[in-house]
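> no FASTA, just this:
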């Protein structure tokens, strides 16, 4: 903390008196060649002009796919320290999210009186209100909570409830201070009991809930604890408490109710069962759950192209801020859904490219999506200028990962794409602009290394805050560093010498069906795949897929690849022969120089092995909770939303069991 304080003092010595506005504009699934200044076949005049008038960063790194990149920015850690790296929080029915002990950027910015707004894609967990954008510190949010949906209908991917559920919501922080999320409006659960009548005949003393907790493992001195577990879920289902006299078995036990034919049968099971119903045990129907209030369903907005909704909301938020909150600095996290699949865009943006590429509709639509991104950025930056906010704004434009080469996009001339640690999956077009950027830096192109986690620290330092404050129980320390000296020109080079692309450790070596690179841990030897970079040497410990180079657009009519194509499925850099690339000489990764530099490989493998001792998320996803997820959908106008009040761990820490 003392080091951060010293750096903070140095950083603030030349800072402006007024805290800057910050707009972090993250585009979805758009790779290296997804801008005109990197691709002669793409027209993005606004982005090109902003980059030319700003600072273009050519060595800006992210994770290979969505949620870990977003989490890395929001919490300032390498993606390998985040649960999202297990499976990208898929399916959405997982009761999971980015660790709550990591304080996200908007929560920290409250200490500097920032008004923080999230617009667009979230993808950081939703199953309790605390995981939603306003639960993590945003003052307002407007967008979708999961990781993907249809652009035109807002129907979520997966359709887990088989009812074409919708993901589009608005969130507002509540309370007089505006800092606390509104509570979800949950139904009130009641115990239903009928003396001498068995409410159910089956129970299970071994089963666990979706968090792995077995309530039967402890005695509940009263029904309060057991009822709290039940009320924690929006469907009020599944729990029973044995409240009969102490001579009976399972006295004062709380457990999960089993379906008929499973578990243990007790013909005279007299207990209290948790339900929404006030009716008797012998009949009646539970009332309908009410809608949530932390993430209110944006009923009526669905059916409009989401890019239009989000772009309009961003412009509106700027004008509202300028007129109603002029005394506060603004932090806007504008997380666009374009250019993520499915490939969809308003026809007015697609039409010019449909004429240009009549035989390749995917390319026409993707190009139209890029044109839409360009127009959205033009509208937002124009609003910042019209309101006079631009001169004190730092505008960061970047992308969450490379383009998925089997769906649409281009990372040319880089190798690989989304879902791989090749440069095509992790090195993305980025520029910094706005009035806050010193005039001497405008028009420059710089290849200094920056990781997306660095922006977390950089923004907090610009706000005059200690980046380490406010998260005493964080599982891992910050990995981000302050990039402002380099970005502002106060330093000629980036302070970042190394970065961890990935360090995946989700399998025990003795369960692997194929040989793997493994390292001993206290739990046993674990398989590791991953990639690290130090002083522009890049070490890849595989196996790694997507080993090709895919041209100016992929897939295309001459290379109609799909997910099963050998160029995507064949592997390279096996565990017994890691690859080494010199990014100082080439960023296209055509030449593996491991054999010529064994000392570099050996040194980097020592570091790679040492990372295994640092914090990694749990190896397994929690069990999915389709029932809870769909109960929220059923009670929320067919829109997705949180389905538990809080995590079971939080509840049990405060409830007397």
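That came in fine, so what should we check first? None of the values given here were measured: they were computed from a predicted structure.
> those helices in the stretch 251-400 of the chain, which residues are they?
Here the stretch 251-400 of the chain has its helices, by DSSP state H, counting those that start in this stretch, at 306-324, 347-356, 361-386.
> so which of those is the most packed in?
Mean neighbours per residue, mean count of other CB atoms under 10 Å, is largest over those for helix 361-386, with a mean of 22. (Each C-beta comes from the backbone N, C-alpha and C, glycine too.)
> Columns mean pLDDT and distance to residue 60 on top of the helices of the stretch 251-400 of the chain, output as JSON lines?
As requested, the helices of the stretch 251-400 of the chain are exported to JSON lines (pLDDT from 0 to 100; distance: least, CB to CB, whole Å):
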{"stretch": "helix 306-324", "mean pLDDT": "96", "distance to residue 60": "22"}
{"stretch": "helix 347-356", "mean pLDDT": "95", "distance to residue 60": "26"}
{"stretch": "helix 361-386", "mean pLDDT": "97", "distance to residue 60": "17"}
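> I'd like those as JSON lines, with distance to residue 46 appended.
Listed next are the helices of the stretch 251-400 of the chain as JSON lines, based on distance: least, CB to CB, whole Å:
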{"stretch": "helix 306-324", "distance to residue 46": "12"}
{"stretch": "helix 347-356", "distance to residue 46": "13"}
{"stretch": "helix 361-386", "distance to residue 46": "4"}
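> Select, out of the ones you listed, the one closest to residue 625.
Proximity to residue 625 (CB to CB) singles out helix 306-324 among the helices of the stretch 251-400 of the chain, at 26.1 Å.
> I'd like to check the angle between that closest one and helix 361-386, please.
With axes from the mean of the first three to the mean of the last three CA atoms, to 10 degrees defining the directions, helix 306-324 sits at 0 degrees from helix 361-386.
> Are there helices or strands packed against helix 306-324, and which ones?
Secondary-structure packing of helix 306-324 (3 or more CB pairs under 8 Å, 6 or more residues apart in numbering; DSSP states H and E): strand 115-121, strand 140-144, strand 330-335, helix 361-386.
> between those, which one is nearest to residue 26?
Of all the helices and strands packed on helix 306-324, strand 330-335 sits nearest to residue 26, with 4.7 Å by CB to CB.
> Note down every partner strand of that closest one and its orientation.
Applying DSSP bridges, strand 330-335 is found paired with strand 21-27 (parallel), strand 115-121 (parallel).
> neighbouring contacts of the last one?
In this case it means strand 115-121. If you take CB atoms under 8 Å, 6 or more residues apart in numbering as the criterion, strand 115-121 is touched by 26, 28, 66, 70, 105-106, 109-110, 133, 137-144, 147, 171, 310, 313-314, 317, 321, 325, 328-337, 340.
> please redo it, this time with the cut-off set to 6 Å
Identification of contacts with strand 115-121 by CB atoms under 6 Å, 6 or more residues apart in numbering yields 106, 109, 133, 138-143, 310, 313-314, 317, 325, 328, 330-337.
> How far away from the center of its chain is it?
13 Å (CA atoms, centre = their mean, to the nearest Å).
> quick one: average confidence on it?
Computed over strand 115-121, the mean pLDDT rounds to 97.
> tally of neighbours for residue 39?
Residues near residue 39, counting by other CB atoms under 10 Å, number 19.
> same check, this time on the one 4 residues further on
When neighbours are defined as other CB under 10 Å, residue 43 has 17 of them.
> excluding its backbone neighbours, what's nearest it?
In this structure, residue 43 finds its nearest non-sequential neighbour in residue 36, 5.8 Å apart by CB to CB, 6 or more residues apart in numbering.
> okay, which residue is most central for this protein?
residue 67 (3.1 Å; CA atoms, centre = their mean).
> from memory residue 516 sits against residue 527, does it?
Yes - contact criterion CB atoms under 6 Å: residue 516 and residue 527 qualify, at 3.6 Å.
> Look at the residue nearest to residue 43 and report its pLDDT.
Model confidence at residue 36, expressed as pLDDT, equals 97.
> Now stretch 46-63: buried residues?
The neighbour-count check on stretch 46-63 (16 or more other CB atoms under 10 Å) flags 46-51, 54-63 as buried.
> go on, stretch 442-458?
Neighbour-count burial for stretch 442-458, counted by 16+ other CB under 10 Å, picks out 446-458.
> now for the residues you listed, which pair is the farthest apart?
The largest separation in these, counting by CB to CB, is between 447 and 456 at 21.8 Å.
> Can you pull out the low-pLDDT segments for the chain?
The chain contains residues with pLDDT under 70 at 1-17, 174-219, 235-239, 241-252, 255-295, 655-657.
> for it, which strand is longest?
As assigned by DSSP state E, the longest strand anywhere in the chain is strand 498-508.
> So which of the buried residues of stretch 442-458 sit within strands?
With DSSP E as the criterion, strands contain 446, 450-451 from among the buried residues of stretch 442-458.
> circling back to that earlier point, show me what the longest strand of the chain packs onto, helices and strands only.
strand 526-534 (3 or more CB pairs under 6 Å, 6 or more residues apart in numbering; DSSP states H and E).
> Identify each buried residue in the strand it packs on, please.
526-533.
> for the stretch 401-550 of the chain, what spans make up the helices?
In the stretch 401-550 of the chain, helices defined by DSSP H, counting those that start in this stretch lie at 423-426, 453-462, 484-488, listed in chain order.
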